[in-house]
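S.K.: could you work out the structure for the sequence below:
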Amino acid sequence: MKMYDASFDTIFLRFNLMMAVVVVPFVLDIPVVAILALPIFLSCMFGIRFFPKNAFDKPSITVYPDLSNDTMGRKAA
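M.R.: Residues are numbered from 1 along each chain as shown. Okay, the predicted model is just below:
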């Protein structure tokens, strides 16, 4: 979970979902269910991204080659 990293389209979809979660309970006369919109609202405001964008988004470790026994780079004696 990474904060402030959601894309604009993700936030747009969450906002529309939040509005549906608020409006539908009032239309059905169950206003207590509208409280479920709070976590959606907070995820919109904080821009939380729950999944990585792609497989390469994970932290990586840089591996450097071991050049201590490199015979190709030495000059002939």
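
S.K.: and the residue most central in space within the chain, what does it touch?
M.R.: Nearest to the mean C-alpha position of the chain, by C-alpha atoms, centre = their mean, lies Arg49 at 2.1 Å. Going by C-beta atoms under 8 Å, 6 or more residues apart in numbering, Arg49 touches Met1, Lys2, Met3, Asp5, Ala6, Ser7, Thr10. From N, CA and C alone the C-beta is placed, and that goes for glycine too.

S.K.: can we see that at 10 Å?
M.R.: Listed by C-beta atoms under 10 Å, 6 or more residues apart in numbering, the contact set of Arg49 reads Met1, Lys2, Met3, Tyr4, Asp5, Ala6, Ser7, Thr10, Ser43, Asp57.

S.K.: with Val21 instead?
M.R.: Applying C-beta under 10 Å, 6+ apart to Val21 gives the contacts Val33, Ala34, Ile35, Leu36, Ala37, Leu38, Pro39, Ile40, Phe41.

S.K.: show me those that map onto helices.
M.R.: Judged by DSSP state H, the contacts of Val21 include Ala37, Leu38, Pro39, Ile40, Phe41 as members of helices.
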